[in-house]
Structures are given as structure tokens and as C-alpha cells.
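> below: sequence and its predicted model.
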Amino acid sequence: MAFRSFVWGGFEGATQLYPDGRRVDSIAGSGHDRHAALDHALLRSLGIRTARESLRWHLIERQEGRFDWTSARAQIEGARAAGVEVIWDLCHWGVPEGLDIMGPAFPGRLARFAAAAARMLQAEGVATAGWVPVNEIGFWAWAGGTTGGFAPFLTGEGGALKAQLLHAHLAVVGALRAAGAHQPVILCEPLIHVVPRLGEDGSEAAARAQMEGAFEAVEWLLARDGQAFDVLGLNHYPHNQWDTQGERLHPGDPGHRPLRDLLAAVAARFPVRLALSETGAEEPEGDSWLGYVAAECAAALAAGVPLEGVCVYPVMDYPGWENDRHCPCGPIGQRERQRFVRPGQAAALAGLRPPAR
């Protein structure tokens, strides 16, 4: 097994900027920047030895070319103390102030940040399990380039933003390898399923276009550079299946596909290593969703799907992006500033097993 544990724990690390100037900082909002040692110890107590963490680029490189790693110190030391290896997100939708995401300097600047991060972590002796250069290129292209929902606040420019992010991904991979960082590069993209609305003109084509759009980044990178990533990470939540009117599909609904079938379809299409890089549900769905995921992943593994890990994401409560509401999710809960383990989710995690050797 390439990773220390089959189950990974992902700490929410979104840092996008909204049109009103508000910056999301999920790491600060959850208190993970202050209590990372406890959080990683709790992961280890659950048998989880691989984590996803985000380096907050906008805090680390406030001035171009000057890197201050203070904001990541607790995460680094907490993981090291618990013996947890880390998959590092380098750009989780947020960039330093004043940097034009669509400008020609963006790919190179992200690449230089990646190389600096690799050198720093090597010097610190941190167990690094992998790298996510740009989180969810497809989703960011839609949210920031098609709808204008967050930076760079464009509409009708999803294709252009996606191309820019893909070039940035390639630049990061080159910089990491040049810096001697040879851990797996993970491309994390949404795993969705869309069905046409019965009787709606054009809905079959619309459904097909949405699903194909979710794989454009994968197709482009495989065609451009077969070494552009090592693991295809698939992010799948309860709301990732819908019809062309946006109506959510639940298990048992007409058109809904079991997760095992979605994973098998990806494995048949792309001959690459796979991981379920994000999955989870808010309470009160958390226990049942993780139980469902455990059963579906077991079936997928039995069918030969090359699944190398399952990341519970977010693994801990965090504040909602748009309104800071308390989002209860994952096996690590928070109540009155105290951490606790949700027993139902801990039990469900026990059902997630690595493939038999």
C-alpha cells in the first residue's frame, strides 16, 4: 500500500475569496491552526495515519518570493508528533492578495511556492505522502470562471480558467520534481452523475455535457503529459448526483447509480491509480453515509477497482463558507470548544478496509 493507512482524514482547508472581499479560512475557523496536535492525535486514535492538509498560500507568501511558514507550523508539528503522514494541498482555491489568477505570472508563482514548500518540508523531516497542486480544477473553473461565485469572479470564462489552472498544475509538478519531491501527485476532481429530466428537451445532451466536463482536466492532462499525476482523486458526496434541473438523486431514486458502479466506470475509462479523495456527510447523515461508502468501496475493491485510499472530508466540524454556521461532520466533533469522537462514525470507519493482499 502506497499510503500509511487506507482511510485518510482531510481537514477542511478552503481559502477562496468572495466578491464582497470576504476570505474563507476554514483552518482558522475550525481552530485546527491552534489545536492541530490534538486533531492529529485523534486521527491516530482512530487508526488514521494519512491526512490531507492545506498550506494557506495567501498567508505564507504575503510578499512575492518571501515565504513565512508560521501559519503552517502547528499542522506540521501536530502531524509529526502523531506519526501521521500528510498529503499537502498547495492551492485550495485561494491565492495571495493582488495576484491575478488569469495573468501570465500565476503558474510560475504557484510553482515557486510549491518548490519552496517541498524544500521546507524536507528540511523539517516531515513525512509527506503526496501533493495536490490545485484542488478541484473543474469545480473552481465553474465557481470562479462560469458563475463568478468566487475569485477570479468571471462569468462565461470557465474554459479559460480551467486551462490556466491546468497549466499551473503542470508547472507545480515540474517544480516539485526539480526540488526532489517525488511523492505521488494527486489530481482531485469531482465524481458526479447527472441524469436527464424526463420529457425535457435537450436534457440528455445537457446531462452528458456536465458529466464529460467533470473529466476534462483528467483527459487534458493524460493527453498532454502522462506523468502529470500519479493518482486520480475522486470527490464524491451525497449531493453529487442530480438531474438536469438540479434535483438531488438519493439511493433508490430512478437514475441514481451506486458508488461502486461510478468507481468501476472511472477505472474502466482511465488506467490510473484511484482514491476517493473526499467523501462525507453532515449530521445526521454522517454514520449512514460512511457505512454506505464502506460497503460500496468493499464491493468496488472486490471487483478489481484499484482504489488506494478513502479520505473522510472534512474529518472534523468546520464553519460554513458562506455564513460561518457550525457544520457538524466527520468523526471528530466540536462542542463548546471541546473535541470529541462521534462513536457512530468511528464504527463506520472500521468498515473501511484496504484491499486484501
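Received the coordinates, thanks. Numbering: from 1, shown residues only.
> what lies in contact with stretch 316-330?
Applying Cβ atoms under 8 Å, 6 or more residues apart in numbering, the contact partners of stretch 316-330 are 9, 11-12, 14, 16, 18, 24, 26, 29-30, 32, 39, 280-283, 286, 312-315, 331-334, 339, 342, 345. The C-beta positions use only the backbone N, C-alpha and C, and glycine is treated the same way.
> would you list every one of the strands in the stretch 251-357 of the chain?
273-279, 307-312, 318-319, 326-327, 332-335, 338-341 (DSSP state E, counting those that start in this stretch).
> can you point out the buried residues in the last one?
Translated: strand 338-341. R339 (16 or more other Cβ atoms under 10 Å).
> quick one: buried ones out of the contacts of stretch 316-330?
The neighbour count (16+ other Cβ under 10 Å) marks 9, 11-12, 14, 16, 24, 26, 29-30, 32, 39, 280-282, 286, 312-315, 331-334, 339, 342, 345 as buried among those.
> helix or strand next in line after the helix or strand encompassing A205, which one?
Assigned by DSSP states H and E, A205 falls within helix 203-213. Counting by DSSP H and E, the next helix or strand C-terminal to helix 203-213 is helix 216-224.
> before we move on, the earlier item: redo the strands of the stretch 251-357 of the chain as CSV? Include mean pLDDT and distance to E97.
Converted to CSV, the strands of the stretch 251-357 of the chain look like this (pLDDT from 0 to 100; distance: least, Cβ to Cβ, whole Å):
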stretch, mean pLDDT, distance to E97
strand 273-279, 98, 27
strand 307-312, 98, 30
strand 318-319, 96, 21
strand 326-327, 96, 26
strand 332-335, 96, 30
strand 338-341, 96, 32
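> out of the ones you listed, which comes closest to V194?
Closest approach to V194 among the strands of the stretch 251-357 of the chain is made by strand 273-279 (18.3 Å; Cβ to Cβ).
> doesn't E200 fall inside a helix?
No - looking at E200 with DSSP: H, G, I helix; E, B strand; the rest coil, it is coil, so not inside a helix.
> correct me, but it touches T244?
Yes - assessed by Cβ atoms under 8 Å, E200 is found in contact with T244 at 6.4 Å.
> ok, these two, which is more surrounded?
Set side by side, E200 and T244 show more neighbours around T244, with 18 against 13, by other Cβ atoms under 10 Å.
> list the contacts for the more buried one?
V194, V195, P196, R197, E200, S203, A206, A207, Q210.
> can you do 6 Å?
Neighbouring residues of T244 by Cβ atoms under 6 Å, 6 or more residues apart in numbering: P196, R197, S203, A206, A207.
> the second one and A209: what is the separation?
Looking back up the chat, that one is R197. From R197 across to A209, the span is 14 Å (Cβ to Cβ, to the nearest Å).
> more crowded one of these two?
A count of neighbours by other Cβ under 10 Å puts R197 above the other of R197 and A209, at 18 against 13.
> on the three-state scheme, that one is what?
coil.
> residue boundaries of the helices in the stretch 101-250 of the chain?
Along the stretch 101-250 of the chain, counting by DSSP state H, counting those that start in this stretch, helices occupy 106-124, 137-140, 158-178, 203-213, 216-224.
> what about the residue nearest to N240 when sequence neighbours are not counted, how many residues nearby?
In this structure, N240 finds its nearest non-sequential neighbour in I192, 4.9 Å apart by Cβ to Cβ, 6 or more residues apart in numbering. Neighbourhood size, I192 [other Cβ under 10 Å]: 21.
> repeat that for the one 10 residues further on.
Around G202 there are 11 other residues, counting by other Cβ under 10 Å.
> what sits against it?
Residues counted as contacts of G202 (Cβ under 6 Å, 6+ apart): none.
> which residues in the stretch 1-150 of the chain form strands?
Under the criterion DSSP E, counting those that start in this stretch, the stretch 1-150 of the chain contains strands at 7-10, 50-54, 85-89, 128-132.
> any chance of TSV for these, columns mean pLDDT?
TSV is the format used below for those (pLDDT from 0 to 100):
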stretch	mean pLDDT
strand 7-10	98
strand 50-54	98
strand 85-89	98
strand 128-132	98
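> how much space between the nearest residue to H239 once chain neighbours are set aside and H256?
Nearest residue to H239, sequence neighbours excluded (Cβ to Cβ, 6+ apart): R248, at 5.5 Å. Separation of R248 from H256 (Cβ to Cβ): 10 Å.
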